[in-house]
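Colleague: sequence and predicted structure below; questions after.
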Amino acid sequence: MDLIRNPDEIRQQLWRLLGDIPPPFLPSVSILSTRDLPTCTLEHLTFANGLGDTVYGYMLLPKGIERPAPAVLYHHEHGGKYSLGKDAAIKVRENGYAPGLALVEAGFIVLAIDAYGFGQREHQGPGGASESGASTELSLYKRFVWEGRSLWGMMAHDDLTALRYLLSRPEVDPARIGAAGMSLGGSRATWVAALDERVKAAVPISQMTRYRDFADSGNLRMHTIYYYVPGMLVSGLDMEHIVALTAPRQQLILTGDLDPLSPIAGIHKVMAYASEVYREAGAPDNLELVLYEGVAHAYLPAMVEAMVEFFRRAL
């Protein structure tokens, strides 16, 4: 098995795949408003991403906890829910949970931002107010390709910039940072943990397989345009290399065994490779996969509960 020998070279190659994007930086953040919730203080914040766009987010600060405290960068899903964005962290979902609030109740500070085309950025595309949702997403993809960038790369840039802000907050213990999310958010969490070693624990939910295995499934129509990183299939890299870059840090993968967006054969290939990297790093128990039998693309109550319990242990 040809394992990772130089993680820094792999990271550099991933950045090249993401396009002509400058390094993330510590942004200057403005607090738009502060709201008192039963278990936390919610700060509505914004920052310029250095690439001509504005990012909006929520910082959730639990009440009555010792600080500096552990923190989680929470990444919202896709599912065509363009108007949801960062509100995915605080809105009670179909599974009965608001994931960000569940983390807050367990003592974690949470930061959640809108990805390109979502939430307060739904009209933040080339067409402005004339387009929204999927139209904004597709227009952004086209524009970024013209600029030598990728939509995925721009999302990763914003997530990593948000991470730098999270690390800078005096309420946060920078040695105890996690990343988590479901679907689109699962991939965002995986990439953030791979590209920045200051993420100490990651929980990707309901999105985990090899890009090649998904391509071979013939179901490309099932993922929207954000998922397609130019050059990925000919790069010599795949999801197993990205997952393995988190070694020896802790990682819990939660997914259904019937998820069409995560072909099961690809999951097993990812785990076979990454588990060997973790073993060689001296941390074989720090990578875990939980497969939910008979489950397709879903966000189960058990997944939220497993995420929270994992972070309790890991952070």
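Modeller: The structure has been received and is ready for your questions. Numbers count the residues shown, from 1 in each chain.

Colleague: helices of the stretch 51-200 of the chain, start to end?
Modeller: Taking DSSP state H, counting those that start in this stretch as the test, the helices found in the stretch 51-200 of the chain are 99-105, 134-146, 151-168, 184-195.

Colleague: any idea which of those helices is most buried?
Modeller: Stretch with highest mean neighbour count among the helices of the stretch 51-200 of the chain: helix 184-195 (a mean of 26; mean count of other C-beta atoms under 10 Å). Any C-beta I mention is one placed from the backbone N, CA and C, and that applies to glycine too.

Colleague: what mean pLDDT does that one have?
Modeller: Mean pLDDT, helix 184-195: 98.

Colleague: same check on stretch 271-291?
Modeller: 97.

Colleague: low-confidence stretches in the stretch 101-250 of the chain?
Modeller: Low-confidence segments of the stretch 101-250 of the chain (pLDDT under 70): none present.

Colleague: what residues does the closest residue to residue 56 other than its chain neighbours make contact with?
Modeller: When the adjacent residues along the chain are set aside, residue 56 lies closest to residue 120, with 4.2 Å between them (C-beta to C-beta, 6 or more residues apart in numbering). Listed by C-beta atoms under 8 Å, 6 or more residues apart in numbering, the contact partners of residue 120 are 56, 85, 114.

Colleague: same deal with residue 280?
Modeller: residue 3 are the contacts of residue 280 under C-beta under 8 Å, 6+ apart.

Colleague: sorry, back to before: quick one: which of the contacts of residue 120 sit in strands?
Modeller: residue 56 (DSSP state E).

Colleague: now, which of the contacts of residue 120 sits nearest residue 17?
Modeller: Of all the contacts of residue 120, residue 114 has the smallest distance to residue 17: 23.6 Å, by C-beta to C-beta.

Colleague: and the closest one, how many neighbours?
Modeller: Neighbour count for residue 114, taken as other C-beta atoms under 10 Å: 25.

Colleague: I am finished for the moment; much appreciated.
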